[in-house]
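1. Would you be able to build a 3D model of this:
(3 chains)
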Amino acid sequence: MKIAICVTENKGLDSPVDSRFGRTSGFLLCDTENEECVYLSNDQNLNAAQGAGIQAAQNVVHAGVQGVATGFCGPKAFQVLSAAGVQIFQDCKGSVREVLQSIREGKYTSSNVPNKTQGHW
Amino acid sequence: MKIAIASGKGGTGKTTVAANLALALERKGSVVLADCDVEEPNCNLFLQMEYSREEPGVLPSFSCDVSRCDGCGACARACRFNAIASLPDRPLFFLEMCHACGGCVLACPHQAIIESSRHNGVIRHASRGNLTFLSGLLDVGEAMATPLIRQMKKSIPPADMVLLDAPPGAACAMIEAVRDVDYVVLVSEPTPFGLHDLIIAMDAVEELKLPFGVVINWYGSGDDALEEYCLSRGVPIIAKIPYSRKIAEAYSRGELFYTLFPDLAEIVDHLGAYLRQGGWKA
Amino acid sequence: MKELLVISGKGGTGKTSITLSFAALAEKAIFADCDVDAADMALILKPQEQQREDFYSGSLAAIDPSLCMGCGKCYRLCRFDAIRAEEGEFSVDPLACEGCGVCYDNCPVKAITFEPRLCGDLYVSSTSRGTLVHARLGAGGENSGKLVSEVKQRTKALGEEQGCSLMITDGPPGIGCSVIASLTGADAVLIVTEPTVSGIHDMERVYELCKHFRIPAYVCVNKADLNVENAKKIRAFGEEKGVQWLGEIPYDPSVTKAMIQTMPVVSLEGSPAGEAILTIWEMLKNERTLFQ
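-> Predicted structure coming up:
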């Protein structure tokens, strides 16, 4: 499965997971089986007047992923991802390597409800 | 003559001045009072007029005719407010983020974006004799006051004197209420917070290139710094309403001092005359 | 770290004065002034500015007169009356421009620029009681909700870094975008109201907003002796709606005196309002919403 993991900086498989989704620094697009990764920056969202979560969700959907892993995902981003059939793994921590391992082992399950309070900005 | 009554700091007496002024001015000619503090409108708690009609507050609203959509995402790219997420087969609209600019309609190459409208509040109308009253009320949960204020202004009928009770502060809602009036009355209190916030409001009104004057409410309750500042900046002090417990208690009950205390009514009459005659043009 | 937000609905009820007293009483706390177009906390806390940042949000359109051919398309398309047309010359009114980009996207000769908009400043300052994050919204007052959000996010991040246990936020009046932004993520809200018809009316609306965001709310009445009946009504409202009653603060001229002396009210000797605020603070310290 191809999944987008929110990271605070790009260090390949050692990248630290970012707890934010909408305003994360960037995404590591990874294949859960062979661990190949490509970095996608989230820079364009930094100046967004509002709706960073919506924008980030849209970009990630267009990158063709089947899942997203992050710490906290807000309700609007959650809505976009769900509408596109993307699985959402919340409360993820540690490194990309650790998250991929946990997902393979079934330690993280995809969520049905967003775990972050509603924000507009 | 169109007059806005604004302030920097909330709670300095905008509504008090606006409502009492309306009573003074209705004796001299036709008056419209528009309560543009649509987040927390208070004028009618004091005027107690019966509303004759309610006008729905409407904002343009947008959706997609999916039969015409090819998922190109042009609408989402056009939206600077991230109110549209483009999915591979259709757009998803987040109307609470929408600023109703119409950019998505223009951007769509297939004319697939449909414009309709949605509710954001209500504008209530009342009148009695010379006084026409409008009050806007924003739905709780709506983020933006500005579109409702814009709609209210379009509903203001002509009159000798038009008074707009503006929202507090100096952000976009206040700017919208105040933008195209002839004169701005800034109401403040003689305290450090009052002075600090008044300066912010003065700078905003100056940026709009509008003439303005200051009403010092609760005069005598703080210190002289506010008055001295106005003098040093060359801003006219156009009325001083004295602090008194009896006024504060009347206010707490929803009573207007114009009808209760003749000495205060005189102050408001003078202010009314200054505004009617365009005293600042001299 | 937990966050206490202090709001009022109606302006002028004394929310900032009370927040400042809380700041003087709290241990290991950090402060956010989210009343960004009228930020008054700094007047009393005597902050030392450590950082100042430009706050950019959205964009602003401008017409290049040398490229403009006067077709008027932007004027017809702009829904915010932000395009001025004077004797065939078109220009953008920066105070009305919403930053939507419609004129920029649709100008047939690309005569319009659309640049990031400087909306104000954000400050991080140190005070004797802890760090204060505050802001100044620029002329035009655009994007105040976003600026409030930035102030809160910065305060949260710094507070976690410093190991603070409490964040105290001074909120703006009203129920619009700035208030909504200040509510996001708060653990408890204290509504400071006054016993007046306006105070009650505005409290009821701001309470609805707290309910909408499902944040536990508390209420206290300032200048309570101004109208005993109304103070009772507020208490009854709180009981009916499950808003916890924290008590009354009497009308006290020493509140203004303290402000003029640039001191928090609780620091003034023998002030009835100061004593009442202290009592309210002691009650809050027992609340699990804010303290473990």
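2. Could you check how far the residue of the stretch 101-250 of chain C found nearest chain A is from residue C:122?
-> Of all residues in the stretch 101-250 of chain C, residue C:149 sits closest to chain A, at 4.0 Å by C-beta to the nearest C-beta. For glycine as for every other residue, the C-beta is placed from the backbone atoms N, C-alpha and C. Using C-beta to C-beta, to the nearest Å, one obtains 11 Å as the distance from residue C:149 to residue C:122.
3. more crowded one of the two?
-> residue C:149 (24 against 18; other C-beta atoms under 10 Å in any protein chain shown).
4. Wait, the more buried one touches residue C:184, no?
-> Yes. Between residue C:149 and residue C:184 there is a contact under C-beta atoms under 8 Å: 7.2 Å.
5. on that earlier part again, which pLDDT does the model give the residue of the stretch 101-250 of chain C closest to chain A?
-> With respect to pLDDT, residue C:149 has a value of 92.
6. Who are the contact partners of it?
-> By C-beta atoms under 8 Å, 6 or more residues apart in numbering or on different chains, residue C:149 lies in contact with A:119-121, C:181, C:184.
7. Longest helix of chain A, counting residues only.
-> Looking only at chain A and at elements set by DSSP state H, the helix with the highest residue count is helix A:52-62.
8. If you drop the residues flanking it in sequence, what lies closest to the residue lying farthest from the centre of chain A?
-> Going by C-alpha atoms, centre = their mean, the residue of chain A most distant from its centre is residue A:49, 20.8 Å out. Of all residues not flanking residue A:49 in the chain, residue C:58 sits nearest, at 3.9 Å (C-beta to C-beta, 6 or more residues apart in numbering or on different chains).
9. For the one you found, grab the count of nearby residues.
-> If you count neighbours by other C-beta under 10 Å, residue C:58 ends up with 23.
10. repeat for residue B:137
-> Neighbours of residue B:137 (other C-beta under 10 Å): 20.
11. And the helix or strand hosting it, what does it pack against?
-> Take DSSP states H and E as the rule and residue B:137 turns out to sit in strand B:131-138. Counting contacts by 3 or more C-beta pairs under 8 Å, 6 or more residues apart in numbering or on different chains; DSSP states H and E, strand B:131-138 is packed against helix B:14-25, strand B:31-35, helix B:43-47, strand B:53-64, strand B:113-128, helix B:146-154.
12. quick one: which of those is nearest chain A?
-> So among those, strand B:53-64 is nearest, using C-beta to the nearest C-beta, at 12.8 Å.
13. Now do the buried residues in that closest one.
-> By neighbour count on 16 or more other C-beta atoms under 10 Å in any protein chain shown, the buried set for strand B:53-64 is B:57-62, B:64.
14. residue contacts, residue B:195?
-> Contacts of residue B:195 (C-beta under 8 Å, 6+ apart): B:188, B:225-226, B:229.
15. correction: residue C:264
-> Contacts of residue C:264 by C-beta under 8 Å, 6+ apart are C:17, C:20-21, C:23-24, C:44, C:258.
16. Spell out the residue ranges of the strands in the chain.
-> Since you didn't name a chain, this refers to chain A. Here chain A has its strands, by DSSP state E, at A:2-7, A:26-31, A:37-41, A:67-69, A:87-89.
17. Wait, chain C was what I had in mind.
-> Assigned by DSSP E, chain C shows strands spanning C:2-7, C:29-33, C:48-63, C:83-86, C:89-92, C:112-127, C:130-137, C:166-170, C:188-193, C:217-221, C:244-248.
18. related to what we said a few turns ago, dump the strand holding residue B:137 to CSV, restricted to CA.
-> The C-alpha trace of strand B:131-138 is given here as CSV (Å, rounded to 0.1, in the frame of the first residue of the first chain):
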residue,chain,number,x,y,z
LEU,B,131,-37.1,56.6,13.2
THR,B,132,-36.4,53.6,11.0
PHE,B,133,-34.3,50.9,12.7
LEU,B,134,-32.4,47.9,11.2
SER,B,135,-30.6,45.3,13.2
GLY,B,136,-28.5,42.5,11.8
LEU,B,137,-28.0,39.3,13.7
LEU,B,138,-25.3,36.8,12.6
